[in-house]
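Trainee: Sharing a sequence plus its predicted fold:
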Amino acid sequence: MHIDFFSSPLFKKRIELAAKRADVARNKFLQIRVGYLYSRSSKHSTEPFTEHTPTIEVTPRFYFPKHVLITSRSRGDLRFLDGVFTPRFRQRLKLERTFELKRTALTPTVKPKRSTTDGMTYSTVSATPPEWNGNWISTL
């Protein structure tokens, strides 16, 4: 469960750029998310656990020329795993740009990822239609 709080773009130009986006969250300059996660293992598990995790995320969005959007999410998890406090902080940087096609648009996303095996940083790229209605024929 979580609750999101948003602020408007700081400049009118940003509002005009954001108005074309279908995703409401991308239209906002700053998003603050407060949440709580509860999870536990099944009663028949050989390794039982109980986890309580209050979370807070702060996500500013920066618009650059050529309709490039950079998002920097900072997330703090205040985890209590079997009563032991194990906090963690995670940060995610994401670069996006929407390309308009004839009847649809694609938004490739670049996200740097750190490898757990060799410590190097890699990037992943994905492209998805902005509005998925379950029917490829009507969106392409």
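Mentor: Cool, the structure landed.

Trainee: First-to-last residue distance for stretch 99-110?
Mentor: Stretch 99-110 has an end-to-end distance of 14 Å (criterion: Cα to Cα, to the nearest Å).

Trainee: can you pull the buried residues of it?
Mentor: Buried residues in stretch 99-110, counting neighbours by 16 or more other Cβ atoms under 10 Å, are found at 105, 107, 109. Yep, even glycine has a C-beta here, placed from its N, CA and C like the rest.

Trainee: and the strand or helix carrying the last one, what does it pack onto?
Mentor: Per DSSP states H and E: residue 109 is located in strand 105-114. The helices and strands touching strand 105-114, judged by 3 or more Cβ pairs under 8 Å, 6 or more residues apart in numbering; DSSP states H and E, are strand 84-97, strand 99-100, strand 121-128.

Trainee: which residues of this protein fall in helices?
Mentor: 12-18, 136-139 (DSSP state H).

Trainee: if we can go back for a sec, and the helices and strands packed on strand 105-114, which one's lowest on average pLDDT?
Mentor: Among the helices and strands packed on strand 105-114, strand 121-128 has the lowest mean pLDDT, at a mean of 58.
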